[in-house]
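Trainee: Here you go, sequence then predicted model.
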Amino acid sequence: MPRTRSDARPGTGPVHPTPGARGALRPASATIGGGFWHTRREVNARTSIPQGPDLLESAGNLHNLRLAAGTAEGVFQGAYPFLDTDVYKWLEAAAWRLAGEPTGALAAEVDRIIALVAAAQQPDGYLNTWFQLRGNGERYQDLRWGHELYCAGHLIQAAVAHHRTTGRPELLDVARRFADHIDTVFGVPDSGKPLDGIDGHPEIETALVELYRETGERRYLDLAGYFVDRHGHGLLGGEAYCQDRVPLREATTVEGHAVRQLYLLAAAADLASETADAELRSATERLWQAMVATKTHLTGGLGAHHDEEDFGDPYELPNERAYCETCAAIASVQWSWRMALLTGEARYGDLIERTLYNGFLAGVSLDGERWLYVNPLQVRDGHTDPGGDQSARRTRWFRCACCPPNVMRLLASLEHYLASTGPDGLQIHQYATGEYRAERAGAPVVVRAETDYPWHGTVALTVEQTPDAPWTLSLRIPQWCGSFRVHDGERTYDGTNAPVRDGWLRLERTWTPGDRVILELALDARLTAADPRVDAVRGCAAIERGPLVYCLEQADHPGGGLDDIVLDTARPLAVKQRPELLGGVTTVLAAGHRRELPDYGSWWPYRPAGHTATPAGDPVELTAIPYYAWANREDGAMRVWLPTS
């Protein structure tokens, strides 16, 4: 039975394993009360999410639902069969926001749109405005491109979020009716179900796992397992693009459409946790390692090709043609969080941090009103922008507007990706000002954090509530961190004597209220080089500081472009606080020069090997800004990787 309003669980996030799940860790509750992520979430809450209904109205998404409900006249608006998902992702974002603001204009908008979704649903539970209005009543006849199950997945996730934050059943009832309908249609041969098939865009799989977790209905988990395991058996022609070339259990690397691959793997991690499937767990660990080692950009971005939004070959990591779709960064965070819970390993938090601060956050402007669908690592001088969804310029909305509401929902639920609890205590994966809460020995554990991370590396932690029994406070020491110090009230550790194992600094004791731990992470600016097999950046270096990747922008380097700039690696990097720039950032200053580009002939840009090297030109001071903040001023060139002298 659906829970009543009194059963709302505002501390429960997008991933909520059952008590019987076999993962090493479980999500802990957290709040973000100030600092970097508080600012970004406030922009999301006060600007991005509130503008959602108007944008969905102007794009036709809500009009299509009214048509399907029979309360409006006209024709279907939009070019794609998956426009319903933009509504569902916005509803999910708004639902997470309702946990902290349960009444008011946003709550009224959520109620209005939920009623519209419910009115559009057909009596047997089916719901997809494209096929209801344009498909002549034919269902599941175009699983490769139709996205019917993909839409259902986002509806389910929105419904679970709304139910967890408000306790109200209206949207969950809609989602369950659709899921029940799907369960009567799909199944393996000889199951008595009429159709053995999968959606060309995975998404329903992880949604069904969470619906099982929310309702206790085992058949939803079984249906998720069926969909995951039927990928790779040629049901969609055997193409890697839609995750149908090889069964996931047998795969050796990530391939095909990046978002589709990562959504499928997130579901596989959930299933491995809930079913103790060792083979599935092994596959997810193997594929994560292959992806990170050979197919991940410095920013955490994923996807090498524009044509099919897909992964390239190992070490095929271009700069100006990097796709790095914002949705792929979000899917990466979702999958890595599930892997962190499944395995307990800190390296997954390392990738989450890198992706959040760089490949993900670049997808939304500082004012919360404009977006990037793709996130290249270089925009050349004289760049001719293609426009549309693949623009390297921020856009108000897209024809395929999957990314903006996806950003909204991750930011709105971000506090659920910060900490976990396990048999030995509390683990802090991501550092933010606020509180981390768990339970130990039947009593609450509350740890308050104060930090100006990522601009400064000090994290001050105060134990506010604790049981009278020993437990372990585990702090992730980031992979990028060259040195650190920690004082736990009894002694001071550094990188030579601290109890660090597998990326976790573990402090065990019987804590008392008022105990403090001061963690100091060295935030020295640094130069980074890539594996020499990454042809696109051989002979280049990138600037990083803490979890932030930096870039050069045309706006900071007047008097010339960026194509002729060479970085002088022999000169030290300097750090400068710029409170007036881009909402307040720390910049990194470097030395370089502008090459004197010789003329080798007006019609032929090549020269004999061994020709005299390009001479150095005038020295220039380079100002690097955080990559997440690029494209917030005038249009111009940008680059992350810089040729070195």
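Mentor: Great, that's in hand. Residues are numbered from 1 along each chain as shown.
Trainee: hey, let's count contacts and neighbours off CA atoms from now on
Mentor: Noted.
Trainee: downstream neighbour of the lowest-mean-pLDDT helix or strand in the chain in the secondary structure list?
Mentor: Across the helices and strands of the chain, mean pLDDT, DSSP states H and E gives its lowest value to strand 616-626, namely a mean of 90. Counting by DSSP states H and E, the element after strand 616-626 in chain order, helix or strand, is strand 638-639.
Trainee: mean confidence for the next helix or strand after that next one?
Mentor: Following strand 638-639 in sequence order, the next helix or strand is strand 642-643 (DSSP H and E). Confidence for strand 642-643, expressed as mean pLDDT, is 97.
Trainee: before we move on, what about stretch 267-277?
Mentor: For stretch 267-277, mean pLDDT is 98.
Trainee: which residues sit against that stretch?
Mentor: Residues outside stretch 267-277 that contact it (C-alpha atoms under 8 Å, 6 or more residues apart in numbering): 17-18, 20-23, 205-207, 209, 221, 224-225, 228, 278, 280-281, 284, 335, 338-339, 342.
Trainee: Provide a list of residues in contact with Asp568.
Mentor: Each residue near Asp568 by C-alpha under 8 Å, 6+ apart is listed here: Ala590, Ala591, Gly592, His593, Thr644, Ser645.
Trainee: So the second one belongs to a helix, correct?
Mentor: No: residue state for Ala591 (DSSP: H, G, I helix; E, B strand; the rest coil) corresponds to strand; a helix is not indicated.
Trainee: I figured it hits Leu622, correct?
Mentor: Yes: counting by C-alpha atoms under 8 Å, Ala591 touches Leu622, with 5.8 Å between them.
Trainee: who's more crowded, those two?
Mentor: Leu622 (23 against 18; other C-alpha atoms under 10 Å).
Trainee: Without its sequence neighbours, what residue ends up closest to Pro579?
Mentor: Residue nearest to Pro579 in three dimensions, not counting chain neighbours: Val585, with 6.0 Å by C-alpha to C-alpha, 6 or more residues apart in numbering.
Trainee: What is the burial count for Pro169?
Mentor: Count around Pro169 with other C-alpha under 10 Å applied: 19.
Trainee: typed the wrong thing, it's His557
Mentor: Considering only other C-alpha under 10 Å, His557 is surrounded by 17 other residues.
Trainee: contacting residues around it?
Mentor: Applying C-alpha under 8 Å, 6+ apart, the residues contacting His557 are Leu622, Thr623.
Trainee: Not including adjacent chain positions, what is the nearest residue to the spatially most central residue of the chain?
Mentor: Of all residues in the chain, the one closest to the mean position by C-alpha atoms, centre = their mean is Ile330, 1.9 Å from it. If the residues on either side of it in the chain are set aside, Ile330 comes closest to Phe360, at 6.4 Å by C-alpha to C-alpha, 6+ apart.
Trainee: from memory the one you found sits against Thr326, does it?
Mentor: Yes: under the criterion of C-alpha under 8 Å, Phe360 makes contact with Thr326 at 5.8 Å.
Trainee: need the contact list for Arg347.
Mentor: Here Arg347 is in contact with Ala340, Gln479, Asp502, Gly503 (C-alpha under 8 Å, 6+ apart).
Trainee: right, and Leu519 touches Thr458 too?
Mentor: Yes: Leu519 lies in contact with Thr458 (C-alpha under 8 Å); the separation is 5.7 Å.
Trainee: List of residues touching stretch 368-377?
Mentor: Against stretch 368-377 from outside (C-alpha under 8 Å, 6+ apart): 43-44, 47-48, 301, 319-327, 359, 362-365, 389-397, 403-404, 638-641.
Trainee: Let's see that with 7 Å instead.
Mentor: 43-44, 47-48, 319-326, 363-365, 389-390, 392-396, 403-404, 639-640 (C-alpha atoms under 7 Å, 6 or more residues apart in numbering).
Trainee: which among the residues you listed end up buried?
Mentor: The neighbour count (16 or more other C-alpha atoms under 10 Å) marks 43-44, 48, 319-326, 363-365, 389-390, 392-395, 403-404, 639-640 as buried among these.
Trainee: Please tell me how far the closest residue to Thr296 other than its chain neighbours sits from Glu309.
Mentor: In this structure, Thr296 finds its nearest non-sequential neighbour in Leu302, 5.5 Å apart by C-alpha to C-alpha, 6+ apart. Look at Leu302 and Glu309: by C-alpha to C-alpha, to the nearest Å, they are 9 Å apart.
Trainee: in which helix or strand would I find Glu464?
Mentor: Using DSSP H and E, Glu464 sits in strand 458-465.
Trainee: Using PDB, write out the CA atom coordinates for that strand.
Mentor: Presented in PDB, the C-alpha positions along strand 458-465 are these (Å, rounded to 0.1, in the frame of the first residue of the first chain):
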ATOM      1  CA  THR A 458      40.700  23.300   5.700                       C
ATOM      2  CA  VAL A 459      37.700  21.200   6.800                       C
ATOM      3  CA  ALA A 460      36.700  21.700  10.500                       C
ATOM      4  CA  LEU A 461      34.500  18.900  11.800                       C
ATOM      5  CA  THR A 462      32.800  18.900  15.200                       C
ATOM      6  CA  VAL A 463      31.000  16.000  16.700                       C
ATOM      7  CA  GLU A 464      27.700  17.200  18.000                       C
ATOM      8  CA  GLN A 465      25.900  14.000  18.900                       C
END
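Trainee: Mutual contacts of Leu519 and Thr458, please.
Mentor: Contacts common to Leu519 and Thr458, judged by C-alpha under 7 Å, 6+ apart, are absent.
Trainee: Could you say which helix or strand holds Ile330?
Mentor: Secondary structure assignment for Ile330, by DSSP H and E: helix 326-343.
Trainee: returning to what we had before: quick one: contacts for the residue nearest to Pro579?
Mentor: Gln577, Arg578, Pro579.
Trainee: Out of those residues, which is nearest to Asp183?
Mentor: Lowest distance from Asp183 to the contacts of Val585 (C-alpha to C-alpha) belongs to Pro579, with 54.7 Å.
Trainee: Next, count neighbours for that closest one.
Mentor: For Pro579, the neighbour count with other C-alpha under 10 Å is 11.
Trainee: do the one 4 residues further on as well
Mentor: Residue neighbour count, defined by other C-alpha under 10 Å, stands at 11 for Gly583.
Trainee: Specify the local secondary structure of it.
Mentor: Look at Gly583: counting by three-state DSSP, its state is coil.
Trainee: the helices in the stretch 51-200 of the chain, which residues?
Mentor: For the stretch 51-200 of the chain, helices defined by DSSP state H, counting those that start in this stretch occupy the ranges 61-69, 84-98, 105-120, 129-134, 148-166, 170-185.
Trainee: Let me see the contact set for Gln157.
Mentor: Applying C-alpha under 7 Å, 6+ apart, we find Gln157 in contact with Glu92, Ala207.
Trainee: distance of it from Thr294?
Mentor: For Gln157, the distance to Thr294 (C-alpha to C-alpha) stands at 31 Å.
Trainee: before we move on, what about Val75?
Mentor: 46 Å.
Trainee: More neighbours: which of the two?
Mentor: Thr294 (19 against 12).
Trainee: Do you know the pLDDT at the more buried one?
Mentor: Per-residue pLDDT puts Thr294 at 98.
Trainee: Just the residues contacting stretch 322-340, thanks.
Mentor: Residues from elsewhere that reach stretch 322-340 (C-alpha under 7 Å, 6+ apart): 258-259, 262-263, 265-266, 269-270, 300-306, 309, 346, 348-349, 352, 355, 359-360, 363, 373-377, 403, 406, 417.
Trainee: Please report phi then psi for Asp502.
Mentor: Dihedral pair for Asp502: phi 60, psi 40, per degrees, to the nearest 10.
Trainee: ok, now Leu317?
Mentor: Dihedral angles for Leu317 - degrees, to the nearest 10 - are phi -130, psi 80.
Trainee: How many neighbouring residues does it have?
Mentor: 29.
Trainee: Skipping adjacent residues, who's closest to it in space?
Mentor: Nearest non-adjacent residue to Leu317 (C-alpha to C-alpha, 6+ apart): Ala304, at 6.0 Å.
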